[in-house]
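**Q** just the structure for this:
(one chain, ligands or ions: 1)
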Amino acid sequence: MSEPTFATLVSRWYEENARDLPWRKPGASPWAILVSEVMLQQTPVVRVLPAYEAWLARWPVPAALAADTPAEAIRMWGRLGYPRRALRLRECATAIVERHGGEVPDRLDHLLALPGVGTYTARAVAAFAYGQRHPVVDTNVRRVVCRAVAGEPDAGPATRPADLLATEALLPAEPAAAALASAAFMELGAVVCTARSPRCDQCPVESTCAWRASGQTAPAGPTRRPQRYAGTDRQVRGLLLGVLRESTGPVPRPRLDQVWTDGAQRTRALAGLVQDGLVEPVGDDSYRLVGDGPALPLPDLTR
Ligand code: SF4
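**A** Coordinates of the predicted model:
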C-alpha cells in the first residue's frame, strides 16, 4: 500500500482538530465565506468573530449591503481596522448584484473581477464555498509549504506564481479533496506550524517535513517586529473615525480636534480619511462618514 500523501495527512489531522468556526459550518453561504475572508485578511479570528456575526445578521445577502449606505458599512466595520475593506466589500456586494443577480459567482475569473477580491480571496471563495480545486495561498500556507517541502524556515517575500504552483502540486486531483486540503494547510499554518513557535511534535507531517529533517529546532529567519500603533497616524485616524462612527450627523471640526493634541498630525490623518473615501467634508467646517445622510448640495457655478 502506498504511503499517504502530504495532503492526506494534513487533511486527516484537520478533520479531527480544526477549530469550530462559523464560516466553516456546512450551511455557511458563499457570501458568508466571502465576508469572512475579507475580514480575516488583516485581523485575528477572535476579533473577527463578533463583527462577522453582526455583519451577516444585518446583511445576510449581498443585495442587503448594496442597498445600504457606505457610511453604515464603515459603522458596522467598527474597530476591525483597515476600514477601507468595508467600502470595498460594499462595492463588491453592488457588483455581485449588478453582474450576477445577487449571487456570489462560482467562476474564478468572475470572482477575480469583483472589487477588492484578489488572488487569495477569489481562490478561497471558489474552494471553500464551491468545493473547487485551486491553490489557496496565504502567509500561513506559504510557510508550511516552504518548511515541509523546501526545508526553509521562512517563506521570504511572496512570489505569487511560484507559491501557487508549489501549493497546487500538493493538492489532490479530486476537487472536494483539494478544497479540504486547502483549508487544512491554512489551519496547520495558523495553529501548529506558526512563524516563531512551530509545534513540530504535534504536526501530522513531522516525519516527512524537510525542515524538521534538516535538524533545525527553531526558525532561523528574520524576526518580524510587531507594527507600532501608539502615536501613529493610524491611531489618530482610528480616533477620528471613532467619533464619526458614533455620530448621527456631521461633526464640527472643533469636536474632532479634541481627539488628538498634535494639530499637524490630526490634519494629516483627517485628510487621509477624506482621500481614502471614508470621510467627506460637509458644510463650512464639518465632516461625516461618506454618504452618511442626504447628498451634498452641488456648488453654485453661476457665481
Ligand atoms: S514538522 Fe514542524 S516545521 Fe514541519 S510542517 Fe510540521 S510544524 Fe511545520
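**Q** so which bits of the stretch 151-300 of the chain are right by the ligand?
**A** Within reach of the ligand by CB under 6 Å from any ligand atom, the stretch 151-300 of the chain has these residues: Val192, Cys193, Pro198, Cys200, Cys203, Val205, Glu206, Cys209, Trp211, Arg212. All C-beta spots, glycine's among them, are computed from the backbone N, C-alpha and C.
**Q** pretty sure the third one is in a strand, no?
**A** No - assessed with DSSP: H, G, I helix; E, B strand; the rest coil, Pro198 is coil; it does not lie in a strand.
**Q** what is the burial count for it?
**A** By other CB atoms under 10 Å, 25 other residues sit near Pro198.
**Q** can you tell me which of the residues of the stretch 151-300 of the chain next to the ligand end up in strands?
**A** When DSSP state E defines the strands, the subset of these inside them is empty.
**Q** as a markdown table, those with pLDDT would be great.
**A** As requested, those are exported to a markdown table (pLDDT from 0 to 100):
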| residue | pLDDT |
| --- | --- |
| Val192 | 97 |
| Cys193 | 95 |
| Pro198 | 93 |
| Cys200 | 94 |
| Cys203 | 97 |
| Val205 | 97 |
| Glu206 | 95 |
| Cys209 | 95 |
| Trp211 | 93 |
| Arg212 | 90 |
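**Q** roughly how far apart are the residue most central in space within the chain and Arg24?
**A** Centroid-nearest residue in the chain, with CA atoms, centre = their mean: Gln41, separated by 2.0 Å. According to CB to CB, to the nearest Å, Gln41 stands 17 Å off from Arg24.
**Q** Glu3: how many residues sit nearby?
**A** For Glu3, the count of nearby residues is 9 (other CB under 10 Å).
**Q** do the same with Val35
**A** Val35 is flanked by 25 other residues according to other CB under 10 Å.
**Q** please name the nearest non-neighbouring residue to it.
**A** Nearest non-adjacent residue to Val35, counting by CB to CB, 6 or more residues apart in numbering: Trp55, 5.9 Å away.
**Q** state the helix or strand in which the closest residue to Arg58 other than its chain neighbours lies.
**A** Closest residue to Arg58 apart from its sequence neighbours, by CB to CB, 6+ apart: Met76 at 6.4 Å. Taking DSSP states H and E as the criterion, Met76 maps to helix 70-77.
**Q** past that helix, which element shows up next along the chain?
**A** Counting by DSSP H and E, the next helix or strand C-terminal to helix 70-77 is helix 84-100.
**Q** report the two of the residues of the stretch 151-300 of the chain next to the ligand separated the most.
**A** Greatest spatial distance among those (CB to CB): Val192 and Trp211, at 13.0 Å.
**Q** could you check the pLDDT of Pro222?
**A** Per-residue pLDDT puts Pro222 at 51.
**Q** can you pull the contacts of Pro175?
**A** For Pro175, the contacting residues are Gly131, Gln132, Arg133, by CB atoms under 8 Å, 6 or more residues apart in numbering.
**Q** an error on my part: the question was meant for Ala127.
**A** Counting by CB under 8 Å, 6+ apart, Ala127 has contacts Arg133, His134, Val136, Ala178, Ala179, Ser182, Ala183.
**Q** where does the prediction get shaky in the protein?
**A** 1, 155-159, 217-226, 294-303 (pLDDT under 70).
**Q** 90 - rerun?
**A** Counting by pLDDT under 90, the chain contains low-confidence ranges at 1-3, 26, 42, 150, 152-163, 196, 214-231, 248-249, 283-284, 292-303.
**Q** next, count neighbours for the residue lying closest to Arg107 once chain neighbours are set aside.
**A** In this structure, Arg107 finds its nearest non-sequential neighbour in Ala126, 7.9 Å apart by CB to CB, 6+ apart. For Ala126, the count of nearby residues is 27 (other CB under 10 Å).
**Q** now Ala126: how far from Trp59?
**A** Taken as CB to CB, the span from Ala126 to Trp59 is 22 Å.
**Q** check Ala51 too.
**A** According to CB to CB, Ala51 stands 12 Å off from Trp59.
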